[in-house]
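**Q** Let's see this in three dimensions:
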Amino acid sequence: MGRVLDHERERLARYKATSLCFSEAARADGYYMGKPRSFCLPRANAAENLYSAIREQAIEAFQESSIPWHSGRDGNPSNHLCDSQVCCVNFLFPFANRPDELLKLLAPLFLDMRAMLPMERGQYVAFEWIGKSDYLGERPRGKRTRGANTTSADAAVMIERTDGSRQIVLIEWKYIESYGRTFKRYSSSGTDRAAIYDPLFQRDDCWLDKDVLSNYDALFYEPFYQFMRQQLLAHEMEKAKELGADVVSLLHLAPTYNTDFQRVTSPTLVDVGASVTEVWSRLVRVPDRFASVSVESLFREYARQMAPDMEPWWAYLTGRYNWLTFEGTRDTP
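**A** Residues are numbered from 1 along each chain as shown. Below you'll find the predicted structure:
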């Protein structure tokens, strides 16, 4: 458990007790993993974990796509106020039907953007995207579920570029995550995960630079294991021209505030870079297929030019996720 998570638990427990964003009933302790927690909502009020203006639409969208909420029940999101999936939805779902605003948000990252294109059902942001096919061979005999037991991007968007080509951007979202040096090659049931991805890793067109990567096992530490699978997914989607895309890339979004996340966990990758994202940038052979930016810088830049009717949402974010207002790099509180 990281120091940032400890701090967020304490801060959000105080926020829940005083914020007008929650009902009186929601201020009671919620049960999580069998114990009452001040930083959780009662299960009956779990929907209040989402910004009020998107609450119904987000829950409906997850139901329509059969996406399970992490630690959620009865079709509602997690009751944990530090939940990363909830955080991602609170930040990105307001753009699902606002392509012009989404274009403003992403324009600093993709300079050749012309327009946003819908991902599914007319929505411009899709959540827990797993691709149209089992590109990675993870569920050869089973049903695939978005966001569970298969490689998923937290969100996905599609760009029309100035030359008329299409680019899908898979988004990996982090909030309070931190990882230890647990070797993930073998599952608790004994499955060798390396055997699943090895055929894709060994291909000559694999995007990972094997001259920089000392050995395959180095990737089986989080979050590198996640990055590997998502980068392989992006590559296979691009080869298949999914949804007509000519390019598929991976965008990593995380708070600068969470310094715990950036510790390099893979022992043999420590010398490749000083942080997780620096290491991964050096491992991806095609530079424009991976990008990393802080949540603070991206959203603060957008806030300077957002539509007036987005201001209540911004007020909600800066109250609930107050690290958005921190200037520069701030170490763990």
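
**Q** in the stretch 101-250 of the chain, which spans are strands?
**A** Using DSSP state E, counting those that start in this stretch, the strands of the stretch 101-250 of the chain run over residues 113-117, 126-129, 153-161, 166-173, 247-254.

**Q** in its sheet, what does the longest one sit against?
**A** Right, strand 153-161. Each strand that strand 153-161 pairs with, and the sense of that pairing, follows from DSSP bridges: strand 113-117 (antiparallel), strand 126-129 (antiparallel), strand 166-173 (antiparallel).

**Q** Centroid-wise, who is the farthest residue in the chain?
**A** Glu24 (30.6 Å; CA atoms, centre = their mean).

**Q** in stretch 203-223, what's buried?
**A** 207-208, 213, 216, 218-223 (16 or more other CB atoms under 10 Å). Placement of C-beta: from N, CA and C, glycine included.

**Q** err, stretch 255-268, not the other one
**A** Buried positions in stretch 255-268, judged by neighbour count with 16+ other CB under 10 Å: 255-262, 264-266.

**Q** Let's have the residues you listed in a markdown table, adding pLDDT and secondary structure.
**A** Listed next are the buried residues of stretch 255-268 as a markdown table, based on pLDDT from 0 to 100; DSSP: H, G, I helix; E, B strand; the rest coil:
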| residue | pLDDT | secondary structure |
| --- | --- | --- |
| Pro255 | 96 | coil |
| Thr256 | 94 | coil |
| Tyr257 | 91 | coil |
| Asn258 | 94 | coil |
| Thr259 | 92 | coil |
| Asp260 | 93 | coil |
| Phe261 | 94 | coil |
| Gln262 | 94 | coil |
| Val264 | 97 | coil |
| Thr265 | 97 | coil |
| Ser266 | 97 | coil |
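
**Q** For the residues you listed, please prepare a markdown table with the additional fields distance to Ala156.
**A** Supplementary listing: these in a markdown table, determined by distance: CB to CB, whole Å:
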| residue | distance to Ala156 |
| --- | --- |
| Pro255 | 21 |
| Thr256 | 23 |
| Tyr257 | 25 |
| Asn258 | 23 |
| Thr259 | 27 |
| Asp260 | 26 |
| Phe261 | 21 |
| Gln262 | 24 |
| Val264 | 27 |
| Thr265 | 26 |
| Ser266 | 26 |
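
**Q** of all the residues you listed, which two lie farthest apart?
**A** Longest distance between any two of those is 23.2 Å, between Tyr257 and Ser266; criterion CB to CB.

**Q** For burial, what's the neighbour tally of Lys239?
**A** By other CB atoms under 10 Å, 11 other residues sit near Lys239.

**Q** To clarify, my last question referred to Pro42.
**A** Applying other CB under 10 Å, we find 17 residues neighbouring Pro42.

**Q** again with the one 5 residues further on
**A** Residues lying near Ala47 (other CB under 10 Å) number 19.

**Q** Pull the contacting residues for the closest residue in space to it that isn't next to it in sequence.
**A** Counting by CB to CB, 6 or more residues apart in numbering, Ala47 lies nearest to Asn76, which is 5.2 Å off, once chain neighbours are set aside. For Asn76, the set of contacting residues under the criterion of CB atoms under 8 Å, 6 or more residues apart in numbering consists of 43, 46-47, 59, 69.

**Q** Go again with 10 Å.
**A** 41, 43-50, 55, 59, 62, 69 (CB atoms under 10 Å, 6 or more residues apart in numbering).

**Q** Determine which two of the residues you listed are furthest apart.
**A** Across those, the two members that end up farthest from each other (CB to CB) are Ala44 and Phe62, 18.4 Å apart.

**Q** quick one: which of the two has more around it?
**A** The residue with more neighbours, out of Ala44 and Phe62 and counting by other CB under 10 Å, is Phe62; that gives 23 against 14.
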